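[1] Quick one, fold the following:
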Amino acid sequence: MIKSIKYYVVGACLLLTSLSCDPDLLNQTNPNALTPSEFWQTEDDAIKGLMGAYSPLSIATYYGRARIWLTDYRDDIVNPFNPSVRTAPARFVGESTTDTQRWVYPQVMNVVARSNDVINFVPGIDMDASLKETIIGEAHFLRALAYFDLVMIWRNVPILRERVTVADQRNQVQADPSDVWDFIIEDFKIAQSKLPTTWDSSNAGRATSGAATGYLGKAYLFTEQYSLAIAEFNKLSANYDLVANYADNFSAFTEFNEESIFELSYINDGNGGWGGDQLNRGRALADEPDIAPPGYTSQNTMRINDWVLPLFLKEQTNGGDIDPRTFTTLFWNHPNSTIYGGVKYEDAFPGDTRVFGRKWLNIEGGVSNAQFFRNPINRRLMRYSDVLLMLAEAENELNGPTSIAYDAINKVRQRVDMPDITAGLTQSEMRDRIRDERVLELALEEVRWFDLIRWGLVKERVVDLRDANGLDMKSGCGGVGAYVEGREYMDIPQVEIDNAGFPNNPGY
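    Numbering: from 1, shown residues only. Below you'll find the predicted structure:
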């Protein structure tokens, strides 16, 4: 959440928690609980309600940590260690009762529910009209962002436009995924029309029209509406650009830079705890122990699959050097590859050949190992380089490898002094180059898994792919033996099966 209003957020969330109580549960009125009609009265209430809608995004049971188990841990880049609740989704064990379901799904739905309250109650508040429109636009953005995860992780979900009471739960129905995508696109369009281009520094981290535009284009790309995606992506060039130093996108000292389209704020406030809606709960990034190499973390953590490093080393820069993104993203057996305290790989893992993750680690923070709730690095959810690669992809899929596609992918490569991809590729060859470039640029940023799903490559890249030793991409945590078609998605959470009567997802 936004650093400067952290405690304002917590206060708002405490109010919203009380709002969620249903007095019918005990057939009595709780005199200490605010009802919606009592709370949504003033401009201050509207701001508090909106901050409450932002809050679940950054806590440990969502983007702050647990979402990585439903994204990066499942893709073909990461090979997590040891069977556990954290690695169950990677093994295609995503049943309705797993702990990951219990942790993440409620937070996604909290974003939806709180956004719905803003969208439904703020219009009735007598307040500054311009601010009202902005707040409503932010709520539409947040709801669409949450639904992006809902349809990509669980697929068969209900479309909720307003507050759902206990009595209403049985009346909910699962929507066709195409209707969910239409709902997402509608929300991003509304957000785009209502949000400002920028915020002042005290409000850094709030959604902008650029963020809505980027995600609207992404929604169009994911639904193969390529011409519409291209139109949205092209709008962003006026206000965003690539930073000169690739590593600045993963540093606590270069946050909210010109490349960042939307990011979540984190702060090392000295607090811990899994939740984020209560006082004295940590608002630092908590997934560092799940990424750091063994020996530098208390968790089982993970390694990088064998095919990844050769992809990074396949080409050299114009100056004959290794792609600099390699040193930011990976920790491997190279004399210039370092970890906490400047320790070299050969000293940390003498004689080892495994490759580990390095991106997002708080190495600049002066710590000696990965720590829970001590990482202040903002999570960049969408960067302009991602937009350029999505633009290249949409253009190639629609028109083949035109100069637009070449220019977009080469702009990303030029930032790190990689040679331009020259004209003459077929559409299929350009498709492969774009997909490879997305690995080089975006590995460990929780985008690869969704890419594999939308490209229909989960079985080929995760289930069937083997390394030189004949091991699959999840050999470290028990393998992919539980896979059956349909398990690309998690099962419907048990709470929805019990409360709404939804059936299990296919494959479960």
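[2] Can you list the low-confidence ranges for the stretch 301-450 of the chain?
    Applying pLDDT under 70 to the stretch 301-450 of the chain flags no residue at all.
[3] in it, which spans are helices?
    308-313, 325-329, 345-348, 384-399, 403-415, 427-442, 448-455 (DSSP state H, counting those that start in this stretch).
[4] okay, these in a markdown table with distance to E162 next?
    (C-beta placed from N, C-alpha, C; glycine too.) As requested, the helices of the stretch 301-450 of the chain are exported to a markdown table (distance: least, Cβ to Cβ, whole Å):
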| stretch | distance to E162 |
| --- | --- |
| helix 308-313 | 45 |
| helix 325-329 | 43 |
| helix 345-348 | 53 |
| helix 384-399 | 32 |
| helix 403-415 | 40 |
| helix 427-442 | 36 |
| helix 448-455 | 28 |
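[5] For E288, find the nearest of those.
    Closest of the helices of the stretch 301-450 of the chain to E288 is helix 325-329, at 14.9 Å (criterion: Cβ to Cβ).
[6] which helices and strands does the closest one pack with?
    In terms of contacts (3 or more Cβ pairs under 8 Å, 6 or more residues apart in numbering; DSSP states H and E), helix 325-329 is packed against helix 308-313.
[7] got the CA coordinates for the helix it packs on in CSV?
    Extracted in CSV, the C-alpha atoms of helix 308-313 (Å, rounded to 0.1, in the frame of the first residue of the first chain):
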residue,chain,number,x,y,z
VAL,A,308,16.8,-21.2,-18.6
LEU,A,309,20.4,-20.2,-18.2
PRO,A,310,21.4,-21.4,-21.7
LEU,A,311,18.6,-19.1,-23.1
PHE,A,312,20.2,-16.2,-21.3
LEU,A,313,23.6,-17.1,-22.5
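[8] And the strands in the stretch 251-400 of the chain?
    Secondary structure of the stretch 251-400 of the chain by DSSP state E, counting those that start in this stretch: the strands cover 260-264, 302-304, 330-331, 356-357, 379-383.
[9] on that earlier part again, how about the helices of the stretch 301-450 of the chain, which one is nearest E224?
    Judging the helices of the stretch 301-450 of the chain by Cβ to Cβ, what sits closest to E224 is helix 384-399, at 7.4 Å.
[10] elements contacting the closest one?
    Using 3+ Cβ pairs under 8 Å, 6+ apart, the elements in contact with helix 384-399 are helix 209-222, helix 226-234, strand 260-264, helix 403-415, helix 427-442.
[11] ok, 6 Å please
    For helix 384-399, the packing partners by 3 or more Cβ pairs under 6 Å, 6 or more residues apart in numbering; DSSP states H and E come out as helix 209-222, helix 226-234, helix 403-415, helix 427-442.
[12] Compare those and give me the one nearest A53.
    Of all the helices and strands packed on helix 384-399, helix 209-222 sits nearest to A53, with 14.7 Å by Cβ to Cβ.
[13] tell me how far that closest one is from the chain's mean position?
    In terms of Cα atoms, centre = their mean, to the nearest Å, the centre of helix 209-222 is found 14 Å from the chain centre.
[14] okay but G205 is in contact with F262, surely?
    No. Counting by Cβ atoms under 6 Å, G205 sits too far from F262 to count as a contact (8.6 Å).
[15] circling back to that earlier point, turn the strands of the stretch 251-400 of the chain into CSV, including mean neighbour count and distance to K459.
    Listed next are those as CSV, based on neighbours: other Cβ atoms under 10 Å; distance: least, Cβ to Cβ, whole Å:
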stretch, mean neighbour count, distance to K459
strand 260-264, 22, 31
strand 302-304, 24, 21
strand 330-331, 26, 26
strand 356-357, 24, 24
strand 379-383, 22, 27
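[16] Redo those as JSON lines? Include distance to T42.
    Below are the strands of the stretch 251-400 of the chain laid out as JSON lines (distance: least, Cβ to Cβ, whole Å):
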{"stretch": "strand 260-264", "distance to T42": "27"}
{"stretch": "strand 302-304", "distance to T42": "48"}
{"stretch": "strand 330-331", "distance to T42": "51"}
{"stretch": "strand 356-357", "distance to T42": "46"}
{"stretch": "strand 379-383", "distance to T42": "31"}
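[17] Any idea which of the ones you listed gets closest to P89?
    Closest approach to P89 among these (Cβ to Cβ): strand 302-304, 12.8 Å.
[18] Which strands or helices does that closest one pack on?
    Applying 3+ Cβ pairs under 6 Å, 6+ apart, one finds that strand 302-304 contacts strand 78-80.
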